[in-house]
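# Predicted model and sequence below, questions to follow.
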Amino acid sequence: MLLALALASIPLWAPRFWIYIATQALIFAIFAMSLDLLVGYAGLPSFGHAAFYGVGAYACALLALGHVDGLVPLLLAGMLGAGAAALPIGALSLRTSGIYFLMLTLAFAQMLWGLAVNWTSLTRGTDGLIGIPRPALPGLDTLNVSLYDRGPFFFLCLLVAIAVFVVLESLVRSPFGKTLEGIRENDRRMRALGFPTFRYRLAAFVLAGMVAGIAGSLAAMSNGFATPDLLYWTVSGLALIAVVVGGTRSFIGPALGAFLVLFAQLGLSTYIDRWELALGALFIAFVLFLPRGLVGLVRRA
Amino acid sequence: MDVLNLAHGSFYMIGAYTAYTVVMATQNFWLALLVAPVLLAVIGAALEMVFFRRLYRHGHLPQVLMTFGFTLVFVDLIRSRFGPTTRAIPPPPGLGGAVHLATATFSSYSLFVLGIAIVIGALLVIGWRLTRLGVVLRAGVSDKEMAGLLGIDLPRTFTFTFAFGAALAGLAGVIAAPEFAIYPGMDANVLILALVVVVIGGLGSIEGALLGAAVIGLGYVIGSTLFPQFAIGLIFALMAAVLIIRPSGLLGRRS
């Protein structure tokens, strides 16, 4: 609660540049939370989660450029587009587990990246789709509130992030979430108890993909463009780092991790020459001293 | 060892830069071939004893984060010492020419690399199958607890294995140095290919890794010739196909 209030006050006092960075961090936090549904709760270490972030961004971008105006349809497009991609990829990847699963999800994401680069008639290749408009807010534009301003767009991302947080939290507390954790701990026993474990895993994979798609739509609106970079494996890697730094099996941890990783990268690269070395040392120190991530601090206390 | 080490590509890069340093200083490629594995074995053993040892019980994710941290540290150290530009060294004396076999022409250095690869591959398979250390390692991989109970000194075995793996990566870096460009970032390229190779072959299987390397090597060359833009995509498609049909790799044990 306090955190949400502190975040909500950012547009009131922060310089424009930092509002922009905080917006990016919020979008990245939504993405990291969706990944932790897989990594933490379902025990599925995906290294290709950027696939759904990117597909969501492209789905939203194509619709917005096709003159669809409206916040809800655009977010839905990202969500459903990503979900549609997650279904077959999940069905195939979930035949494997552990490092094989990690590599297979990476392979699918890289293939989609290759598709985004090469299918130029749809995606315009490496140039990407540019000039994506942000939707109008019917009713609110009379009050002079527009998503083209940094403040309102930041609030939109904050609202979506809080909504995603609440939905994911209640999901993992539901019987569905408990079943997922049971499958993570002992698949064979859950199967013996009569749970169709493959379907549960697939459902978690598609859900996580859909939430990543929402983050992707917001990213497309925020940047005004969608490029193949969104699907590149480094994006998946960065999200995985945010999840581990923040701490798995919680949603507040990955969200905080997303902020920390983004700000550490930006802060160090601004002020230190050898920033990669410093960032690397920071990650090493994190694993040594906080192997359970940021939430480990709170849980131990 | 069931450790996911993203810094393995860095060992390869350090090997290549060691070769560069030694060859520039002494003009002696064979000396580099000796120095680099020793240096990397020391680095590998030190990293294992100080850092990675603490991580085995925490699962793969902290390993990913920490070893990724090390790749950042190593690449930055290399860049600060040697700069961002691409370096190259000549092939060792006597191996700079070309050899004509039937209708094709090969560089003699490529044939030398082929020979070394066959020798090392054969030694690895023999060591893995027939020596005491190979038996101990296979036991450690398949059941850590049981191997420990049977009186095997696992910490020492793991340190040795890690150092040996690092030394081999360094050796590969030296051998690659005259053939490919030496630059900060060569680590990431070779790491992805190596991961794909071991996953296709099946984890914990030396023969699988050799088979995977053959499959990927051929796939990569054919891919680069037919679709130069999409060679790496073809590699991933190949891996996806293998894993969908055989979820534990070509020669991996079924879990």
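Received it, and whenever you're ready, just let me know what you need. Residues are numbered from 1 along each chain as shown, chains lettered A, B, ... in the order given.
# Local confidence estimate at residue 215?
Assuming you mean chain A. In the predicted model, A:A215 carries a pLDDT score of 96.
# oops, I was thinking of chain B
89.
# Count residues in the vicinity of the closest residue to it other than its chain neighbours, would you?
Counting by CB to CB, 6 or more residues apart in numbering or on different chains, B:I200 is the residue found nearest to B:V215 once chain neighbours are left out, at 6.0 Å. (Glycine included, C-beta is placed from N, CA and C.) Here the number of neighbours of B:I200 (other CB atoms under 10 Å in any protein chain shown) works out to 29.
# Show me what the host helix or strand of B:I200 is packed against.
Assigned by DSSP states H and E, B:I200 belongs to helix B:186-201. In terms of contacts (3 or more CB pairs under 8 Å, 6 or more residues apart in numbering or on different chains; DSSP states H and E), helix B:186-201 is packed against helix A:98-118, helix B:8-26, helix B:60-82, helix B:206-226, helix B:231-245.
# So which bits of chain B are right by chain A?
B:4, B:51, B:54-55, B:58, B:60-62, B:64-66, B:68-73, B:75-77, B:80, B:195-196, B:199, B:203, B:229-230, B:232-233, B:236-237, B:239-240, B:243-244, B:247-249, B:255 (CB under 8 Å from any CB of the partner chain).
# what sits against residue 128?
Defaulting to chain A. A:G128 makes contact with A:F225, A:A226, A:T227, A:P228, A:D229, according to CB atoms under 8 Å, 6 or more residues apart in numbering or on different chains.
# The chain in question should be chain B.
B:G134, B:L137, B:R138, B:I206.
# same deal with B:G140?
B:M1, B:A147, B:I152, B:L154, B:T157, B:F158, B:T161.
# Relative to A:T179, how far out is the residue lying farthest from the centre of chain A?
What lies farthest from the middle of chain A is A:A192; by CA atoms, centre = their mean that is 33.6 Å. A:A192 is 14 Å from A:T179, where distance means CB to CB, to the nearest Å.
# And for A:L63?
34 Å.
# Of those two, which one has the most company?
More crowded of A:L63 and A:T179, by other CB under 10 Å: A:L63, with 21 against 18.
# so the residue lying closest to that one once chain neighbours are set aside, which of the three states?
Leaving aside its chain neighbours, A:L63 sits nearest to A:A77 (4.5 Å; criterion: CB to CB, 6+ apart). When classified by DSSP: H, G, I helix; E, B strand; the rest coil, A:A77 comes out as helix.
# Can you name the residues that contact A:A77?
A:A77 touches A:A59, A:C60, A:L62, A:L63, A:V68, A:S217, counting by CB under 8 Å, 6+ apart.
# which stretches of the stretch 201-301 of chain A have low pLDDT?
Per-residue confidence for the stretch 201-301 of chain A (pLDDT under 70) gives these ranges: A:300-301.
# So which bits of it are right by chain B?
A:237, A:240-241, A:243-245, A:248, A:274, A:276-277, A:279-284, A:286-288, A:291.
# repeat that for 6 Å
Proximity of the stretch 201-301 of chain A to chain B, by CB under 6 Å from any CB of the partner chain, involves residues A:I241, A:V244, A:R274, A:E276, A:L277, A:L279, A:G280, A:F283, A:I284, A:V287, A:P291.
# Pull the most distant pair out of those residues.
Spanning the widest gap among these are A:R274 and A:P291, at 25.6 Å by CB to CB.
# Which one's more surrounded, those two?
Neighbours per residue, other CB under 10 Å: of A:R274 and A:P291, the larger number sits with A:P291, 19 against 15.
# The stretch 1-150 of chain A: strands as residue ranges?
For the stretch 1-150 of chain A, the strands defined by DSSP state E, counting those that start in this stretch occupy A:129-130.
# Where does the prediction get shaky in it?
For the stretch 1-150 of chain A (pLDDT under 70), the answer is A:1-2, A:139, A:141-144.
# any idea how far B:H58 is from the spatially closest residue to A:V287 that is not a sequence neighbour?
Distances taken as CB to CB, 6+ apart put B:M66 closest to A:V287, at 4.1 Å, once the chain neighbours are dropped. Per CB to CB, B:M66 is found 10 Å from B:H58.
# Same check on A:I272?
29 Å.
# With B:S110 instead?
For B:S110 relative to B:H58 (CB to CB), the value is 43 Å.
# One more: A:A32?
Distance from A:A32 to B:H58, by CB to CB: 19 Å.
# Any idea how many residues pack against residue 91?
I'll assume chain A. A:A91 sits with 15 neighbouring residues when counted by other CB under 10 Å.
# other chain: chain B
18.
# Could you look up the SS state of it?
B:P91 ends up coil, using three-state DSSP.
# is it true that it touches B:P178?
Yes - using CB atoms under 6 Å, B:P91 makes contact with B:P178 at a distance of 4.3 Å.
# Using PDB, write out every CA atom in stretch B:180-194.
Taking C-alpha atoms only, stretch B:180-194 is exported to PDB below (Å, rounded to 0.1, in the frame of the first residue of the first chain):
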ATOM      1  CA  PHE B 180      38.400 -16.800 -35.800                       C
ATOM      2  CA  ALA B 181      38.400 -13.200 -34.700                       C
ATOM      3  CA  ILE B 182      39.400 -12.400 -31.100                       C
ATOM      4  CA  TYR B 183      37.100  -9.800 -29.600                       C
ATOM      5  CA  PRO B 184      35.200  -9.000 -26.400                       C
ATOM      6  CA  GLY B 185      31.800 -10.600 -27.000                       C
ATOM      7  CA  MET B 186      33.100 -13.800 -28.600                       C
ATOM      8  CA  ASP B 187      32.200 -15.500 -25.300                       C
ATOM      9  CA  ALA B 188      28.400 -15.000 -25.900                       C
ATOM     10  CA  ASN B 189      28.500 -16.500 -29.400                       C
ATOM     11  CA  VAL B 190      30.300 -19.600 -28.400                       C
ATOM     12  CA  LEU B 191      28.300 -20.000 -25.200                       C
ATOM     13  CA  ILE B 192      24.900 -20.200 -27.000                       C
ATOM     14  CA  LEU B 193      26.300 -22.700 -29.600                       C
ATOM     15  CA  ALA B 194      27.800 -24.800 -26.800                       C
END
